[in-house]
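Student: only geometry, no sequence info:
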């Protein structure tokens, strides 16, 4: 294994760590804002279940890793410079949006990075439009599905507990949120860790270091799940405030419904190999639960700012990636 390959694997795991760091808010914002767990307890709880996801999804196959590895750009044009551009674009955009406190998608930053580097190297022919169109479709579908499911679970829960006192409901769902946070964390780890697994496997294939067809080595699986769990442990506190407080005010019952709705969406998408945005999903679910009380409970101005950040993620990450690819090729020559 050459120093260049080792560096790129390290860069990929850095992206995976930043993914967890950036998305920590998604996993813990509701349980922290409802004061069910302290921030420190919440990140440990979430990180544990992020890693547990390796055993859950390992049994059904890593379909998202395959989508990322060979379903977005032509695997035959991939070289070290393309991987470097991809990861630089994704990491760069993650750091920018973390600094601004915007819960954007690490997944779409990665895909934007792949598109930018591939376009500069080989033009539009290098893009697999079927895979890209599925990802773009779910930019809009994931938050909508999350919203509908959050609303759905909210209606069911409110109906079942309509005769219970608020204190009894609060007590019950403070415990229930521990379960919903665990489920959401497993869904997050199962979908997001696989994206880095796909990139590293793609790199190994392009360097002729992986015999046979596309498959993810065990050491890649474990290192990716470990990196994203460590990122969750350190947390992106700037985004916690946006997710947990600025969109709508949450109670434990609301947090339970939002996380459960988002978890169902993520488990379903991952089983079909669709690399959805965990950020979009939980944001939609929080909006759905918030709007159950009344539409004005959701701060639509903040939500609108978040949506704009979603829309520009792929082109912005692609621009950073294309620039990085161009610079590294110029430097090498």
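Tutor: It's in. Please read these numbers as outputs of a predicted model, since none were measured by experiment.
Student: where in the stretch 201-333 of the chain is pLDDT low?
Tutor: For the stretch 201-333 of the chain, the stretches with pLDDT under 70 are 235-249, 293-307, 332-333.
Student: quick one: the helices in it?
Tutor: 218-234, 237-241, 252-271, 278-293, 300-332 (DSSP state H, counting those that start in this stretch).
Student: So which of the ones you listed is the most surrounded?
Tutor: Comparing the helices of the stretch 201-333 of the chain by mean neighbour count (mean count of other C-beta atoms under 10 Å), helix 278-293 ranks first with a mean of 28. C-beta here means a position set from N, CA and C on the backbone, and glycine is covered the same way.
Student: now for that one, which elements pack on it?
Tutor: Packing contacts for helix 278-293, counted by 3 or more C-beta pairs under 8 Å, 6 or more residues apart in numbering; DSSP states H and E, involve helix 3-33, helix 129-160, helix 166-206, helix 252-271, helix 300-332.
Student: and if we set it to 6 Å?
Tutor: Contacts defined by 3 or more C-beta pairs under 6 Å, 6 or more residues apart in numbering; DSSP states H and E place helix 278-293 against helix 3-33, helix 129-160, helix 252-271.
Student: Residue 92 is nearest to which of the ones you listed?
Tutor: helix 3-33 (9.9 Å; C-beta to C-beta).
Student: which regions of the stretch 1-150 of the chain lie under the pLDDT threshold?
Tutor: By pLDDT under 70, the weakly predicted segments of the stretch 1-150 of the chain are 25-27, 103.
Student: distance from the centroid: which residue in the chain tops it?
Tutor: Using C-alpha atoms, centre = their mean, the residue of the chain lying farthest from its centre is residue 163. It sits 37.6 Å away.
Student: Would you agree that one falls within a strand?
Tutor: No. Read with DSSP: H, G, I helix; E, B strand; the rest coil, residue 163 is coil and lies in no strand.
Student: Could you check how far it is from residue 253?
Tutor: Distance, residue 163 to residue 253, using C-beta to C-beta, to the nearest Å: 14 Å.
Student: ditto for residue 11
Tutor: With C-beta to C-beta as the criterion, residue 11 and residue 253 are 42 Å apart.
Student: I'd like to know how many residues surround residue 159.
Tutor: By other C-beta atoms under 10 Å, 8 other residues sit near residue 159.
Student: do the same with residue 75
Tutor: When neighbours are counted by other C-beta under 10 Å, residue 75 registers 16.
Student: Can you name the residues that contact it?
Tutor: Going by C-beta atoms under 6 Å, 6 or more residues apart in numbering, residue 75 touches no other residue.
Student: and it, how far is that from residue 64?
Tutor: Applying C-beta to C-beta, the value for residue 75 to residue 64 is 16 Å.
Student: Residue 137 too?
Tutor: For residue 137, the distance to residue 64 equals 15 Å [C-beta to C-beta].
Student: Between the two, point out the one with more neighbours.
Tutor: residue 64 (27 against 11).
Student: that older thread, most packed of the helices and strands packed on helix 278-293?
Tutor: Scoring the helices and strands packed on helix 278-293 by mean neighbour count under mean count of other C-beta under 10 Å gives helix 252-271 as the most buried, with a mean of 26.
Student: Can you give the contact residues for that helix?
Tutor: Applying C-beta under 6 Å, 6+ apart, the external contacts of helix 252-271 come out as 30-31, 34, 36, 64, 145-146, 149-150, 153-154, 157, 169-170, 173-174, 176-177, 180-181, 183-184, 187, 190-191, 276, 281-282, 285-286, 289.
Student: How far does it sit from its chain's centre?
Tutor: From the chain centre to the centre of helix 252-271 is a distance of 13 Å (C-alpha atoms, centre = their mean, to the nearest Å).
Student: and what of stretch 121-129?
Tutor: The answer for stretch 121-129 is 24 Å, by C-alpha atoms, centre = their mean.
Student: got the buried residues for that stretch?
Tutor: 121, 126, 127, 128 (16 or more other C-beta atoms under 10 Å).
Student: for those residues, which one is nearest residue 55?
Tutor: residue 128 (30.5 Å).
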